[in-house]
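Student: Show me the folded form of this:
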Amino acid sequence: MTAPTTQQRADDGASLISILDELAAMLERARAMPMSASVLVNKAEALDLLDAARAVVPAEIHAADDIVADADAVLRRAREQAERIVADAEAEAERLVAGERVVALANERAERIVAEAEEQAAKLAADADDYCDRRLAQFEIDLGAITAQVRAGREALAARGDRSPGGQG
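Tutor: Model (predicted):
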């Protein structure tokens, strides 16, 4: 059985690792030279394996580039999604803060309105008390005058009663 050619290995989709494993196995099977670390290797087979390795390296690099590109795309999408999430969270936080600000402003306004109403109520009560006091003072004066008139009328009646023929009084 003949070993596959460089083109056959590339067409079969052989990986660089499998080609290097095959080269290592060939070196391990090679016949050792006596009293040396050298071995006898079939030059054509070794060169064929190296050519096959060179042939698959661009494909392996292309595959690695594809994986990196896919990873970059996934990372880019993840970053975009993270940016959208952060932007949405910031918008929601701003909305909540604005809502809290509106509530705070409404509470402040309500407190001012209540304080103004209490001031007006106190002023109206003081004005009403003052009006009532003036009216009562006038009634007192009027009643004093009426009392004086009543007393004078009674005294006049009493004086007339002393002049009556019977003198009873």
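Student: next one: whichever strand or helix holds V74 to chain centre, how far?
Tutor: If you go by DSSP states H and E, V74 is part of helix 43-162. For helix 43-162, the gap between its own C-alpha mean and the chain's C-alpha mean amounts to 16 Å (Cα atoms, centre = their mean, to the nearest Å).
Student: Check which helices and strands it sits against.
Tutor: In this structure, helix 43-162 packs against helix 6-11, helix 16-29, with contacts taken as 3 or more Cβ pairs under 8 Å, 6 or more residues apart in numbering; DSSP states H and E. No exception for glycine: its C-beta is placed from N, CA and C like everyone else's.
Student: now what about the next helix or strand after the longest one, what contacts it?
Tutor: Toward the C-terminal end, the helix or strand that comes next after helix 16-29 (DSSP H and E) is strand 31-32. Counting by Cβ atoms under 8 Å, 6 or more residues apart in numbering, strand 31-32 makes contact with 38-40, all of which sit outside it.
Student: closest to V97 among those residues?
Tutor: Among these, V39 lies closest to V97 (Cβ to Cβ), at 77.6 Å.
Student: Specify the beta-bridge partners of the closest one.
Tutor: Note on V39: beta-bridge partners by DSSP bridges are A32.
Student: Was I right to think it contacts A46?
Tutor: No - counting by Cβ atoms under 8 Å, V39 does not reach A46; the two are 10.6 Å apart.
Student: Would you list the phi and psi of A30?
Tutor: Dihedral angles of A30 (phi, psi; degrees, to the nearest 10) stand at phi -60, psi 150.
Student: Could you tell me how far the nearest residue to it once chain neighbours are set aside is located from E80?
Tutor: Distance criterion Cβ to Cβ, 6 or more residues apart in numbering; nearest residue to A30, sequence neighbours excluded, is V39 at 3.8 Å. Relative to E80, V39 is positioned 56 Å away (Cβ to Cβ, to the nearest Å).
Student: Over to S18?
Tutor: 39 Å.
Student: any low-confidence regions in this structure?
Tutor: By pLDDT under 70, the low-scoring segments of the chain are 1-14, 163-169.
Student: Would you mind telling me which of S18 and E80 has more residues around it?
Tutor: Shown here are S18 and E80; by other Cβ atoms under 10 Å, S18 has more neighbours (15 against 10).
Student: And for the residue nearest to A30, the neighbour number?
Tutor: 13.
Student: same thing with I19?
Tutor: When neighbours are counted by other Cβ under 10 Å, I19 registers 23.
Student: ok, now the one 4 residues further on?
Tutor: Residues lying near L23 (other Cβ under 10 Å) number 18.
Student: Please apply the same query to A55.
Tutor: A55 has 17 nearby residues by other Cβ under 10 Å.
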